[in-house]
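S.K.: Model the following, please.
(chains A and B)
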Amino acid sequence: MADSAAERRSPAAAYAARFEAASAGGGLRLAEIPFLTQVDLRVDPKSPAAERIGTAIGVPLPVEPGTVASGGDLEVLWLGPDEWLVLGPDGAAPDLVARIAEAAGGEHVSVVDVSAQRTTLAVAGERARDVLAHGCALDLHPRVFGPGRCAQTMLARANVILVAGEDDVRVLVRSSFAGYLAEWLLDASVEYVAGG
Amino acid sequence: MLLIPCPWCGPRDEAEFHYGGQAHIAYPDNPAALSDEEWARYLFFRDNPKGPFAERWSHTAGCRRWFNVVRDTATNEIHAVYRVGEPRPVTA
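M.R.: The predicted model follows:
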């Protein structure tokens, strides 16, 4: 049998060249970050299991809505009062799921590897938030949506998770919407790259 | 468009939400004991006030939680937002 890792293709792989061309000016950089590990975790935040899981992965689960906790190569995104998304590097899923499941013990906890559900589009540069503002109703100014913040919302009518950085925002989008959103991002960024 | 303050995520566009009808409709204790008319009343009959109305909304494009909103059906003004299980706040 062929190695399945050699055959896999990320949802926005076809846009790599156009992302690169749009990034040439420097004010805006578009890229796909493929194959990141994503593990969906549901647990009662007040249960002992939640605390044990936080210890096991080295990151306490954030309880404030819309925040991100990070440690090591993991990030934990708040998705709901009893739901989190754990982000990690490619290939970390089996170990991560096993670690969380072990820490959960026999308690009522759901741990699901959802790495293939979404891909990550990185929108970076000083124009990043301007581009996203074309299709997103949230205030994305770093003053309110800076590092350590995340949000589930709609970008150009597609459901996304936004993860804020210093001068970048990562857009986690469902695989089947990745092509649409890539086209939309390229279209929305035209005015910022034409002069560059 | 309404700006609905989700009790978890804060103010968001109406387009991120789904409507769930009148709030605080309790499931009958013993449905089998109801007459057809009583069952039909439970299933289909809802208040239709002009003014403050307690209704359910779900933040489907965000945290996916159900919560309750007291909205004025005539002006669309939102008087209160509260989580499931909390009592309806007293509003003017």
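S.K.: now the strands for chain A?
M.R.: A:29-33, A:37-42, A:68-71, A:74-80, A:83-88, A:110-113, A:118-124, A:150-155, A:158-164, A:168-174 (DSSP state E).
S.K.: Next up, the contacts around the residue in chain B that chain A sits nearest to.
M.R.: Nearest residue of chain B to chain A: residue B:63, at 4.2 Å (CB to the nearest CB). C-betas here are computed from N, CA, C, even on glycine. Residue B:63 is in contact with A:65, A:79-81, A:83, A:152, B:6, B:8-9, counting by CB atoms under 8 Å, 6 or more residues apart in numbering or on different chains.
S.K.: And the residues you listed, which two are furthest apart?
M.R.: Greatest spatial distance in those: A:83 and B:6, 14.4 Å, computed using CB to CB.
S.K.: Buried residues, stretch B:32-51. List them.
M.R.: Residues of stretch B:32-51 include none that count as buried (16 or more other CB atoms under 10 Å in any protein chain shown).
S.K.: Check the separation of the first and last residues in that stretch.
M.R.: One end of stretch B:32-51 to the other measures 35 Å (CA to CA, to the nearest Å).
S.K.: close enough to count as contact, residue A:56 and residue A:98?
M.R.: No: in this structure residue A:56 lies outside contact range of residue A:98 using CB atoms under 8 Å: 10.0 Å.
S.K.: between those two, who's got more neighbours?
M.R.: Taking neighbours as other CB atoms under 10 Å in any protein chain shown, residue A:56 and residue A:98 compare with residue A:56 leading, 17 against 12.
S.K.: which stretches of the chain have low pLDDT?
M.R.: No chain was given, so I picked chain A. A:1-5, A:194-196 (pLDDT under 70).
S.K.: oops, chain B please
M.R.: Using pLDDT under 70, chain B drops low at B:92.
S.K.: Spell out which parts of it neighbour chain A.
M.R.: Proximity of chain B to chain A (CB under 8 Å from any CB of the partner chain) is limited to residues B:8-10, B:12-13, B:15-16, B:61-65.
S.K.: quick one: which of those residues is nearest to residue A:187?
M.R.: Checking the residues of chain B next to chain A against residue A:187 by CB to CB gives residue B:15 as the nearest, at 20.5 Å.
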